[in-house]
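>>> have a look at this prediction, sequence included:
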Amino acid sequence: MSDHAPTSRIKFCGVTRLQDAEHAAELGAWAVGMILWSGSARRCSRAEAEAIGAALHRRTEVAGVFVNAHLDQVAEAADAFGLTLLQFHGDEGPVYCNEAARRTGAKVIKAARVAGRSDIRDLRAFQTDFHLLDAHVPGKQGGTGETFAWELASEHPRDRPLILSGGLHPGNVADAIAAVRPFAVDVASGVELEPGVKDHVRMTAFAEAVRATAPRSESPDEPDTEAHEPAAPAAEPKHAA
C-alpha cells in the first residue's frame, strides 16, 4: 500500500461510561465499542449502553461486542442501544454472522484471535463487512493488552476492511499502522485507568498519534493541516450478498 494512504480510523472499545464515549466522539472516533458479554471486566451496563447509544446517534458508529450470544439477544441489544456495528468475538460461524446482519441491519465485524497464520486464513470464510485481528491469549476473549506478530497480517487478502486490535497504546500505534496499514485501529486497555474506565489524556494521546500518521502535504508551500484534523468518515462497505 502507498505511503500516502489515508490514516487509519479509531475505534475506542470497552467503553462503559457516557463521559468516555463523549470524549471519544469529540476526538473524531470512527466507532465506540461496548462489550455486552457477561464474562468481561469491561461489560457495559444496560443503562449506560442506552445512554451511549442515544448520545452517539449519527455521530459515530456504535458497536456491540458479543461472545457466543443467542441471536435474539443480539437483535434486542441492537434495537435497544442503537447499534450500527455488531462485533463477534467468539465461535460464531458465517451463517450466524449473516443472520445477525439480516435481522438487525447493522454491519458486522468478525474477530479472530491470532496465534498463527491459519487464524487469519480462517477469516476468509466470513463475508462480513469488516475483519478484526486481535491477540490470542489462552482463556481470554480480548482486552488482554497483548500484541501479536503484526507481520502475520500480511496473510489477510484485504478483500474487506481490516481492523487491528491487541495491545495498542499511544506509544506503539504509529508503528502498528506502518506495519499493517489497517482500515482502523481498536484500543481498549491501552487508554485505561482501570478496566472499563478510560483515561482521557491517554485517549487524546492515542488519537494524536494516529493522526500523526496521516500523509503530509507534498508541497512545501502548503501548511500540513491533515494531520491535525479528524479523518473524514469513508463510505462504508455494503454487505456481501
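On my side now, so go ahead. Numbering: from 1, shown residues only.
>>> ok, the nearest residue to Phe126 once chain neighbours are set aside - contacts?
Spatially, and ignoring its direct neighbours in sequence, Phe126 is nearest to Lys110 (4.3 Å; C-beta to C-beta, 6 or more residues apart in numbering). Every C-beta, even on glycine, is put in place using the N, C-alpha and C of the backbone. Applying C-beta atoms under 8 Å, 6 or more residues apart in numbering, we find Lys110 in contact with Phe88, Glu92, Cys97, Leu123, Phe126, Thr128, Phe130, His131, Leu132.
>>> how about a markdown table for these, with distance to Asp159, pLDDT and secondary structure added?
Listed next are the contacts of Lys110 as a markdown table, based on distance: C-beta to C-beta, whole Å; pLDDT from 0 to 100; DSSP: H, G, I helix; E, B strand; the rest coil:
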| residue | distance to Asp159 | pLDDT | secondary structure |
| --- | --- | --- | --- |
| Phe88 | 18 | 98 | strand |
| Glu92 | 19 | 97 | coil |
| Cys97 | 15 | 98 | helix |
| Leu123 | 10 | 95 | helix |
| Phe126 | 11 | 98 | coil |
| Thr128 | 11 | 98 | coil |
| Phe130 | 11 | 98 | strand |
| His131 | 9 | 98 | strand |
| Leu132 | 15 | 97 | strand |
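>>> now the buried members of these.
Neighbour counting with 16 or more other C-beta atoms under 10 Å marks Phe88, Glu92, Cys97, Leu123, Phe126, Thr128, Phe130, His131, Leu132 as buried within these.
>>> pairing partners for the strand of greatest length in the chain, with directions?
The longest strand of the chain (DSSP state E) is strand 107-114. Strand pairing for strand 107-114, determined by DSSP bridges: strand 85-88 (parallel), strand 130-135 (parallel).
>>> and the pLDDT for the residue nearest to Arg202 when sequence neighbours are not counted?
Once flanking residues are discounted, Arg202 sits nearest to Val191: 4.1 Å by C-beta to C-beta, 6+ apart. As predicted, Val191 sits at a pLDDT of 98.
>>> what about Val191, how many neighbours?
Val191: 25 surrounding residues under other C-beta atoms under 10 Å.
>>> shouldn't it be in contact with Asp199?
Yes - between Val191 and Asp199 there is a contact under C-beta atoms under 8 Å: 5.8 Å.
>>> show me what contacts Asp186?
By C-beta under 8 Å, 6+ apart, the contact set of Asp186 is Lys11, Cys13, Gly33, Leu132, Asp134, Ile163, Leu164, Ser165, Leu168.
>>> circling back: export the contacts of Lys110 to a markdown table and tack on distance to His70?
Listed next are the contacts of Lys110 as a markdown table, based on distance: C-beta to C-beta, whole Å:
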| residue | distance to His70 |
| --- | --- |
| Phe88 | 12 |
| Glu92 | 11 |
| Cys97 | 14 |
| Leu123 | 23 |
| Phe126 | 19 |
| Thr128 | 19 |
| Phe130 | 22 |
| His131 | 23 |
| Leu132 | 21 |
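>>> returning to that earlier point: who is the residue nearest to Phe126 paired with across the strands?
Assigned bridge partners for Lys110, using DSSP bridges, are Phe88, His131.
>>> what about it, distance to Ala178?
Per C-beta to C-beta, to the nearest Å, Lys110 is found 25 Å from Ala178.
>>> also Met34?
Counting by C-beta to C-beta, the gap from Met34 to Ala178 is 29 Å.
>>> who has more neighbours, those two?
Neighbours were counted for Met34 and for Ala178 using other C-beta under 10 Å; Met34 has more, 25 against 11.
>>> quick check: the farthest pair among the contacts of Lys110?
Using C-beta to C-beta, these span at most 14.0 Å, a distance reached by Glu92 and Phe130.
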